[in-house]
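No sequence on hand, only this structure:
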């Protein structure tokens, strides 16, 4: 039984041309010898290249769909020929898998900088935040300056965008994937095409708001410019319980006036879902703070250590006091 190029790329028959490109990209990255050192990866890399060579070519694909690998390589009738005496099409893969890989990625090394795949081989679109380079909001990348020969090219200014993360994601660390659409130069050096690329950011535990993650030269490319760097700036998402102060987290504890004066127990929540009961017997003034050591966020440079959980008391005053209670309060409370 001959090779099944669809199975090699993990595709169903009838897959679109875009599906074929996406599948080749995924499998080639997975089995490239620079990344995959397992036995058999080099051979698998070659098989993926051959499958893409066939399925990306409409003529070869049509013959393969009708006659399979044996017909394709054994001299099946060419498309449009009539009868067995017509002209034949014989296919032999003579391509260089590494050259095909380099051409597919336009000579760029996809393993540079932050190009990392989630779960090792998941390269689909699911779970991505999509950004359109040249159209982040109402901002576009500035075009290059200089003559048509590009002799005085300057790099476009960096373009900054927010990367919003929750406190829980900062607590545990997380992976963020962004799919950008930017312009790339064609081999003729004059015309451009739109191209999608997936950028992966490994958010480390404890990263502070304002941390910048730079993807060099991922902005729009034209004949006259050096593409801008794309920079993501870490921003905290508003939290329903806590607010952040560096590596500390603040929990606003609302207590009654009676609790503030007579003592109380506060069940302080934590970021990992626990509850810590804290007993206070002293008078608690509005705005006073108490610390629970080591229950905050990891320190960026020493994630095995953590900041504190700060309990900040907010005292709820009554809207009214019964007239009969006022003389007693006047007698008890100091001036």
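Perfect, thanks for sending it. What you see is a predicted model; the values in this text were computed from it and never measured. Residues are numbered from 1 along each chain as shown.

For residue 101, which non-adjacent residue is closest in space?
Leaving aside its sequence neighbours, residue 101 sits nearest to residue 28 (Cβ to Cβ, 6 or more residues apart in numbering; 5.5 Å). For glycine as for every other residue, the C-beta is placed from the backbone atoms N, C-alpha and C.

Also residue 244?
Nearest to residue 244 is residue 236, by Cβ to Cβ, 6+ apart, at 5.6 Å.

was I right about that neighbour contacting residue 245?
No. Between residue 236 and residue 245 there is no contact under Cβ atoms under 8 Å: 10.8 Å.

Those two - which one has more neighbours?
For the pair residue 236 and residue 245, the greater number of neighbours falls to residue 236 (17 against 14), based on other Cβ atoms under 10 Å.

beta partners of the more buried one?
Judged by DSSP bridges, the bridge partners of residue 236 are residue 165.

on that earlier part again, ok, now how distant is the residue nearest to residue 244 from residue 314?
Shown here: residue 236 relative to residue 314, a distance of 21 Å by Cβ to Cβ, to the nearest Å.

cool, residue 168 as well?
Shown here: residue 168 relative to residue 314, a distance of 23 Å by Cβ to Cβ.

swap in residue 93?
72 Å.

How about residue 72?
Residue 72 sits 75 Å away from residue 314, going by Cβ to Cβ.

Pick out whichever of these two has more residues nearby.
Applying other Cβ under 10 Å to residue 72 and residue 314 shows that residue 72 carries more neighbours, namely 25 against 13.

mind checking the backbone torsions on residue 184?
phi -130, psi 150 (degrees, to the nearest 10).

Now for it, how many residues are close by?
Residue 184 has 15 neighbours, counted by other Cβ under 10 Å.

Not counting its neighbours along the chain, what's nearest it?
Once flanking residues are discounted, residue 184 sits nearest to residue 195: 4.6 Å by Cβ to Cβ, 6+ apart.

Give me the pLDDT value at that neighbour.
Turning to residue 195, the model gives it a pLDDT of 90.

What of residue 72?
We have a pLDDT of 84 for residue 72.

show me the contacts for it.
By Cβ atoms under 8 Å, 6 or more residues apart in numbering, residue 72 lies in contact with 54, 60, 63-64, 89, 91.

Which pair of these spans the longest distance?
Distance extremes for the contacts of residue 72: the farthest pair is 54 and 89 at 11.7 Å, using Cβ to Cβ.
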